[in-house]
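Asker: based on what follows, work out the 3D shape:
(one chain, ligands or ions: 2)
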Amino acid sequence: MPSLPGLRRYLVVLGLFGALSAGVVLVQAEGLATLLTGGGVGLALIVAVALRVPLTLALGVVTGRFAAGAQAGLRLRLLGSSADAGVVTTQVTRGVDATTAYLTGYLPALVASVLVPVAVVVLLFSADLTSALIVVATLPLIPVFAALVGARAKARTERQWALLTRLGGHFLDAVRGLPTLKLFGRARAQAQHVRLMADAHADATLGTLRVAFLSSLVLELVATLSIALIAVPIGFRLLNGSLTAHTAMLVLVLAPEAYLPLRALGAKFHAAAEGLTALREALATPLRARRGGTATRPVGPPEIEFRGVSVHYGEVAALSEVDLVVGRGEHVAITGPSGSGKSTLLAVLLGFVEPSEGKVLVDGVDLRELDHAAWLRDTAWLPQRPTFFSGTVAENITLGSAGDVRSAARAASLEDVIAELPEGHATRIGELGAGLSAGQRQRVGLARALARTDAGLVLLDEPTARLDRRTEQAVLDGTRALLPGRTALFVAHHPALVAAATRTVPLVSGRVPLGVR
Ligand code: ADP
Ligand code: MG
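Answerer: Ligands and ions are numbered 1, 2, ... in the order given. Below is the predicted model of the structure:
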């Protein structure tokens, strides 16, 4: 299992903080003992007390920063993983958030719970042997009891987490299949099923909480009894004069400090357990194989060659031995009936689908050897059904790059659409483009392609499908404006769009007919 990047350095920094706070505890105890036995307020005591707050604040900043960075990395990793969508959804949202308690609470407490008791015991040994021996004998009871209760809690946490992940996957499936379920009148039964699973999860959560409270109680009890074991003999020895008041005070102030970090650790354990389980799972999810190689190509329109490309989806042959050369700056219209493999051809060129046989050459270089991300950056693509994310129209057009929304919108004849929207291009739209009509979505998709002003390759999949006549004309104009100076492949039915091409290639059942090249 790969570990969290930067974890070792984080632990070292936590160690420094732990050592500092151990020092503060010792100096403070010594100062308090002196103060309480009539020695006055020492400078060391003032410094130690004054240091506590900035130390806690600084630790908060350090842990918060590390957690934020680590979680961003985890989310990226999960989104690039090949795990099931439902699992990824649960992990990216709940799971990664749950690691906060582990990273910012449990780990610092774990480091402190080693360093502080050791420092306290060392000082106790030099001050009073008997008390030191009692602390050494009783201190291990806390982790022992914690482990006993913890073993039970662990099983429960894992069950709780497994339930939640399954719930996420099931819920996603149910929502995806909702239209079908509704059609067959099964929606109610599914809702019942989701409710049952949610109830099971709630029960599991309550069970975990019960164990957590029980364990706190046990640990408090052990610590309190241990301190009583130390305090009672000290009282007697003070009475018969075999112990100075200063030493007695020092031991009484110091002894609880040895138990405190361990008790705090026990209290944080249960909150952290869920995070640790989630962290393990997130790090164990298999990464999707990285697409593409490292080769780069110069900017500008590419020359493309399909060489004997076949694509099989199981039994279905979507493309069969396609040979096709698209020259630099050429505009090729792909035509053919539905299911003839047009979208698959574009998907191969985008690197989303690997040819089962044959290869695609870009300027003579195998597409598989190109840096895939760079190749996509150099491509303006309008898919058959553009995908949207929740955000403003402008954000949906630029997709985070520095494209010029206004000129892209103008070129896609989107201006009148944007003018109709309540807040112009700052209008928020939902996932799946909620709030936009099919035609508007198509034009936002086209504007997205048009915003890629420096793309050398243009790929459009039926840009004029599902449009009314007026919009169709607007999209046609926008598409024609996109073509000059670039290599373009577009799937087209509309005669005007086909006419915009320099060449037409028909696809028939995944084949380019003989004679067409
Ligand atoms: P077109 O865009 O010309 O309508 P496609 O390229 O979408 O054609 O599909 C070509 C063939 O491949 C069709 O028979 C289709 O059912 C099949 N196909 C497309 N995508 C997949 C897929 N992801 N899994 C299985 N079969 C697919
Ligand atoms: Mg298609």
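Asker: low-confidence ranges in this structure?
Answerer: Applying pLDDT under 70 to the chain picks out residues 1-2, 288-292, 400-404, 411-413, 430-433, 515-517.
Asker: okay, now the domains of it?
Answerer: Annotated domains of the chain cover 7-284, 293-378+454-517, 388-451 [automatic domain parsing].
Asker: closest to ligand 1 out of those domains?
Answerer: Comparing the domains of the chain by their distance to ligand 1 (Cβ to the nearest ligand atom), the top pick is domain 293-378+454-517, with 3.2 Å. No exception for glycine: its C-beta is placed from N, CA and C like everyone else's.
Asker: now check the closest one, is it near ligand 2?
Answerer: Yes. Residues of domain 293-378+454-517 are located near ligand 2 by Cβ under 5 Å from the ion, namely S343.
Asker: for that domain, what is the distance to the chain centroid?
Answerer: Distance of domain 293-378+454-517 from its chain centroid, counting by Cα atoms, centre = their mean, to the nearest Å, is 33 Å.
Asker: wait, does that domain contact ligand 1?
Answerer: Yes. Applying Cβ under 6 Å from any ligand atom, one finds domain 293-378+454-517 touching ligand 1 at 313, 316, 318, 336, 338-344.
Asker: spatially nearest residue to G456, not counting backbone neighbours?
Answerer: What sits nearest to G456 in space, not counting adjacent residues and going by Cβ to Cβ, 6 or more residues apart in numbering, is P301, at 4.6 Å.
Asker: cool, T464 as well?
Answerer: Spatially, and ignoring its direct neighbours in sequence, T464 is nearest to H494 (4.6 Å; Cβ to Cβ, 6+ apart).
Asker: now do the same contact list for the one you found.
Answerer: 464, 472, 476 (Cβ atoms under 8 Å, 6 or more residues apart in numbering).
Asker: out of the residues you listed, who's the most crowded?
Answerer: T464 (21 neighbours; other Cβ atoms under 10 Å).
Asker: tell me the contacts of that residue?
Answerer: By Cβ under 8 Å, 6+ apart, the contact list for T464 reads 472, 475-476, 479, 492-494, 497.
Asker: that one and Y102: what is the separation?
Answerer: As judged by Cβ to Cβ, to the nearest Å, T464 and Y102 stand 53 Å apart.
Asker: how about stretch 275-290: buried residues?
Answerer: 275-279, 281-282, 285 (16 or more other Cβ atoms under 10 Å).
Asker: and stretch 214-225, what's buried?
Answerer: Applying 16+ other Cβ under 10 Å to stretch 214-225 flags 215-216, 218-219, 222-223 as buried.
Asker: likewise stretch 324-340?
Answerer: Within stretch 324-340, judged by 16+ other Cβ under 10 Å, the buried ones are 324, 326, 329-336, 340.
Asker: kindly report the same for stretch 473-488.
Answerer: 474-476, 478-479, 482-483, 486-488.
Asker: next one: stretch 11-23
Answerer: Of the residues in stretch 11-23, those buried (16+ other Cβ under 10 Å) are 13-14, 17-18, 21-22.
Asker: how about the residues of this protein by ligand 1?
Answerer: With Cβ under 6 Å from any ligand atom as the criterion, the chain meets ligand 1 at residues 313, 316, 318, 336, 338-344.
Asker: tell me which element the spatially most central residue of the chain falls in.
Answerer: Per Cα atoms, centre = their mean, the C-alpha nearest to the average position across the chain is that of R75, at 1.4 Å. R75 is part of helix 43-79 when elements are defined by DSSP states H and E.
Asker: centre of the chain to that helix, how far?
Answerer: Centroid separation for helix 43-79 versus its chain: 21 Å, with Cα atoms, centre = their mean.
Asker: what packs against the helix or strand following that helix?
Answerer: Per DSSP H and E, the first helix or strand lying C-terminal to helix 43-79 is helix 85-90. Packing contacts for helix 85-90, counted by 3 or more Cβ pairs under 8 Å, 6 or more residues apart in numbering; DSSP states H and E, involve helix 141-176.
Asker: can I get the buried residues of stretch 473-488 in a markdown table including distance to L110 and secondary structure?
Answerer: Below are the buried residues of stretch 473-488 laid out as a markdown table (distance: Cβ to Cβ, whole Å; DSSP: H, G, I helix; E, B strand; the rest coil):
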| residue | distance to L110 | secondary structure |
| --- | --- | --- |
| A474 | 63 | helix |
| V475 | 60 | helix |
| L476 | 65 | helix |
| G478 | 59 | helix |
| T479 | 61 | helix |
| L482 | 58 | helix |
| L483 | 62 | coil |
| R486 | 58 | coil |
| T487 | 58 | strand |
| A488 | 59 | strand |
